[in-house]
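A.B. asks: structure here, sequence nowhere to be found:
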Ligand SMILES: NC(=O)c1ccc[n+]([C@@H]2O[C@H](COP(=O)([O-])OP(=O)(O)OC[C@H]3O[C@@H](n4cnc5c(N)ncnc54)[C@H](O)[C@@H]3O)[C@@H](O)[C@H]2O)c1
């Protein structure tokens, strides 16, 4: 990368995920640099700006229009994404936008229309596509190595539920959590989803139910290809962050297993003991976040289209909305019924 000026990024929202993106961009991607951050929480902004030696912008507008900001990352709370995307579209600067784009399809369309109208480059933060293990499953399907895909199985279980304040504004399990698995189902099979059947329960914490959400769910998807995907979700896996994908086809199967926090093991007369799974997404998925940033840099520099454009985020939201309707109406819901 020597001799080539880095693309300078401004990060909006430096909470859990924005702080991590700011750190990765500042230190781990040679072609990118961090220029400034903004957060409505002064404390969060000052803490990240101070730690990383960059400016804390006085507002989102100022950050987007700064001369030393070439591209913008929107990592704020979900309900602010569309307004910030629309504002970013007026600058023409490439945008990295965290998932989900919105919890509301009409709002999402408003944001994507503004971006498309401005010819804006947008990459959605559906990072699991960049995980090397999940990608190997997709590759085994795409190359035909496992033949015609019949079944996909996705287990996606968090180590512990998010705070209730987050649950209340998150759009619930299907829009906040399963949205990644909906994307994975389309990504692995390469086939659109035509029908969603979801069942959910509150098995972890009654307070999640009181907040109008579920913490345990199973979803069955029917793809246009005829393949079937099952997804199981829990907000609390006592043994760590459990993330597995399996594709089963006419010639074989391909699977991504969980990595371990480290490779040490203990053997005694009682058996063999391995260490725990990585705790959560910040421990498990850093390689995928790094690869997503590398893809962002490559595409922006070369002028190639985004590898994860807004349409991918739209498809995942439609499936999430279909899942909620399926639970409420107790029936399979076709994705064509949504929007
Ligand atoms: N891709 C992933 O793996 C992943 C993981 C976690 C969260 N997310 C997504 O990232 C987004 C943020 O999630 P989080 O867990 O970091 O939440 P968080 O609550 O920890 O952080 C959000 C931050 O945004 C700030 N903020 C809110 N409105 C703002 C505004 N208008 N302008 C500037 N700052 C604003 C808040 O003060 C907070 O610091 C959500 O959309 C979430 O779904 C994605």
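C.D. replies: Structure received. Model, not experiment: these values are computed from the prediction.

A.B. asks: for the ligand, give me its nearest residue in the stretch 151-300 of the chain.
C.D. replies: Among all residues of the stretch 151-300 of the chain, residue 281 sits closest to the ligand, at 4.9 Å; criterion: C-beta to the nearest ligand atom. All C-beta atoms are positioned from the backbone trio N, CA, C, and that covers glycine.

A.B. asks: what sits closest to that residue if chain neighbours are left out?
C.D. replies: residue 241 (6.7 Å; C-beta to C-beta, 6 or more residues apart in numbering).

A.B. asks: ok, the one you found - contacts?
C.D. replies: Residues near residue 241 by C-beta atoms under 8 Å, 6 or more residues apart in numbering: 157-159, 258, 277-281, 283-284.

A.B. asks: ok, 6 Å please
C.D. replies: By C-beta atoms under 6 Å, 6 or more residues apart in numbering, residue 241 lies in contact with 159, 277-278, 280, 284.

A.B. asks: hmm, which of these are the buried ones?
C.D. replies: Among the contacts of residue 241, those classed as buried by 16 or more other C-beta atoms under 10 Å are 159, 277-278, 284.

A.B. asks: for the stretch 151-300 of the chain, which residues are neighbours of the ligand?
C.D. replies: 176, 281 (C-beta under 6 Å from any ligand atom).

A.B. asks: what about the strands in the stretch 151-300 of the chain?
C.D. replies: Shown for the stretch 151-300 of the chain, the strands assigned by DSSP state E, counting those that start in this stretch span residues 193-201, 216-223, 228-234, 242-249, 252-256, 265-268, 271-274.

A.B. asks: just the mean pLDDT for the third one, thanks.
C.D. replies: The average pLDDT within strand 228-234 is 99.

A.B. asks: likewise for the fourth one?
C.D. replies: Computed over strand 242-249, the mean pLDDT rounds to 98.

A.B. asks: neighbouring contacts of it?
C.D. replies: Residues external to strand 242-249 that are found in contact with it (C-beta under 6 Å, 6+ apart): 134, 137, 141, 146-157, 188, 254-256.

A.B. asks: buried ones in the one helix or strand residue 109 maps to?
C.D. replies: In the assignment (DSSP states H and E), residue 109 maps to helix 105-117. Neighbour counts using 16+ other C-beta under 10 Å place 105, 107-112, 114-115 of helix 105-117 among the buried residues.
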